[in-house]
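Chemist: quick one, fold the following:
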Amino acid sequence: MKRIVQTIITLLLTIEPLMAEEFERQDDATDSLHSERRIGLIRRIIRGFDKVDERYIEPQHYVFTVMLQSTYTYEFFNINGKGANSQAFSLAPDGSAKIGPYFGWRWIFGGYTFNLTQSSFSKKKTEFNLSIYSSQIGVDLFYRRTGSDYKLRDVKLGKNIDASPLEGVLFDGVKAGVTGINLYYIFNHGRFSYPAAFAQSTCQKISCGSWMAGVGYTHNTLDFEYEKMQTLANERLAPQVVKLDSALMFKSILYNDFSISGGYGYNWVFAKNWVAAASAQLAFGYKRNVGNRDDSEKLSFSKISPNMIGRFGVIYNNMRWYAGMNAIIYSNTYRKADFSTTNTFGNMYLYVGYNFGLKKKYRERKNISE
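Modeler: The predicted structure is shown next:
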């Protein structure tokens with residue numbers, strides 16, 4: 001019996017490492033299977049963002065693209081009083097134009113631009129814009145800091161006051177900034193392609209539209225040196241006597257804007273490989289504001305007011321070559337009982353590009369057809 005027990009113990013000691021090794025192999029195989037499933041799920045989610053109905057939309061056939069693009073930047077600012085004098089200012093800096101090459105690989109796209117204009121606007125302005133378009137969702141990121149180089153474009157200082165001598169005059173008493181993000185969902189994403197209109201990565205084959213809904217956040221700043229405006233008015237409009245409305249005598253405004261938006265976009269295929277696109281989203285923002293009217297008085301309020309985002313474009317795309325024009329416009333409105341401001345800004349793009357590096361499945365289709 002003792003020999004039998006010793007034999008069993010020896011056998012168990014021999015088998016145990018083998019069993020442990022087998023269990024480790026099984027655990028590794030299970031972990032590997034789970035890992036593959038997780039990767040597969042991630043791939044399906046990512047691919048789902050660009051899943052389309054190919055009767056309406058032709059997917060991108062190529063992996064790489066090169067493009068030459070020119071960018072024109074514009075901005076317009078209105079400050080409106082609502083007092084008895086109904087004073088108002090419209091200001092805009094000189095626009096800037098840039099041109100440069102871009103290179104794209106799948107979703108990654110980057111490049112460098114050179115200034116074509118040497119205005120003070122180009123030198124003092126800081127700007128970053130990024131728009132990401134997939135079939136289901138879109139994302140806009142923007143950061144803008146304007147310099148103190150606005151020009152007065154339209155001035156109203158009350159009845160019987162000729163303010164035309166101020167129009168076109170450089171006014172360095174305004175500085176504005178905006179930082180924000182917009183995220184929106186495209187409902188009819190299987191048949192309506194935002195990328196076909198604004199990212200040149202697919203082709204719309206049949207005219208179609210879609211409703212959209214989204215959320216957004218912006219942080220806005222406005223500095224206004226009203227003393228400089230009063231001094232400038234005194235110098236340019238003499239002997240007329242002008243006094244600024246007290247409602248416009250603020251030094252700075254800062255506000256955060258949380259918004260919900262809704263809108264509609266439409267791609268019109270008016271000829272083969274051509275599409276004209278337009279979309280508009282109206283957002284209602286809840287603005288949390290804190291500003292200064294002067295060094296001693298605080299101005300605080302919360303209010304809901306409208307914002308707007310518009311996109312327009314005309315594109316030619318035969319999958320190998322593409323060219324076109326796109327424009328995007330943002331408008332943010334700030335209102336109070338006795339005054340309001342509206343900041344409108346955006347970019348216009350002119351571009352021509354070439355796709356190359358045919359994707360594997362399209363190479364296989366091409367070989368079969370040949």
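
Chemist: tell me the mean pLDDT for stretch 206-218?
Modeler: Mean pLDDT, stretch 206-218: 93.

Chemist: and the helices in this structure?
Modeler: Counting by DSSP state H, the segments of the chain that form helices are 2-48, 120-124, 194-198, 226-237, 360-369.

Chemist: quick one: mean pLDDT over the last one.
Modeler: Put plainly, it is helix 360-369. pLDDT averaged over helix 360-369 gives 70.

Chemist: could you do stretch 284-296 as well?
Modeler: 64.

Chemist: just stretch 160-177 next, same as before
Modeler: Taken as a whole, stretch 160-177 has an average pLDDT of 84.

Chemist: ok, stretch 141-152 next?
Modeler: Mean per-residue pLDDT for stretch 141-152: 80.

Chemist: using CSV, write down the CA coordinates of that stretch.
Modeler: C-alpha atoms of stretch 141-152 as CSV (Å, rounded to 0.1, in the frame of the first residue of the first chain):
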residue,chain,number,x,y,z
LEU,A,141,-13.1,72.8,-33.0
PHE,A,142,-12.1,76.4,-33.1
TYR,A,143,-9.8,78.8,-31.3
ARG,A,144,-9.6,82.5,-32.3
ARG,A,145,-7.9,85.5,-30.8
THR,A,146,-8.1,88.7,-32.9
GLY,A,147,-5.7,91.5,-32.7
SER,A,148,-6.5,95.2,-31.9
ASP,A,149,-6.8,96.1,-35.6
TYR,A,150,-10.5,96.4,-36.3
LYS,A,151,-11.7,99.1,-38.7
LEU,A,152,-15.0,100.9,-38.3
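
Chemist: now find how far off-centre that stretch is within its chain.
Modeler: 16 Å (C-alpha atoms, centre = their mean, to the nearest Å).

Chemist: and the strands in the stretch 51-200 of the chain, which stretches?
Modeler: 57-58, 62-81, 88-92, 96-105, 108-111, 114-115, 126-133, 137-145, 150-156, 170-171, 174-186 (DSSP state E, counting those that start in this stretch).

Chemist: to H219, which of those lies closest?
Modeler: Ranking the strands of the stretch 51-200 of the chain by their distance to H219 (criterion: C-beta to C-beta) puts strand 174-186 first, at 4.8 Å. C-betas here are computed from N, CA, C, even on glycine.

Chemist: which elements pack onto that closest one?
Modeler: Judged by 3 or more C-beta pairs under 8 Å, 6 or more residues apart in numbering; DSSP states H and E, strand 174-186 is in contact with strand 62-81, strand 137-145, strand 208-224, strand 252-271, strand 339-358.

Chemist: nearest residue to K151 other than its sequence neighbours?
Modeler: Closest residue to K151 apart from its sequence neighbours, by C-beta to C-beta, 6 or more residues apart in numbering: L170 at 5.5 Å.

Chemist: please name whichever of the strands of the stretch 51-200 of the chain is nearest to M348.
Modeler: Using C-beta to C-beta, the nearest of the strands of the stretch 51-200 of the chain to M348 is strand 62-81, at 4.5 Å.

Chemist: one step back: redo the helices and strands packed on strand 174-186 as a markdown table? Include distance to Y112 and mean neighbour count.
Modeler: Output for these, formatted as a markdown table (distance: least, C-beta to C-beta, whole Å; neighbours: other C-beta atoms under 10 Å):
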| stretch | distance to Y112 | mean neighbour count |
| --- | --- | --- |
| strand 62-81 | 11 | 18 |
| strand 137-145 | 18 | 18 |
| strand 208-224 | 27 | 18 |
| strand 252-271 | 30 | 17 |
| strand 339-358 | 14 | 18 |
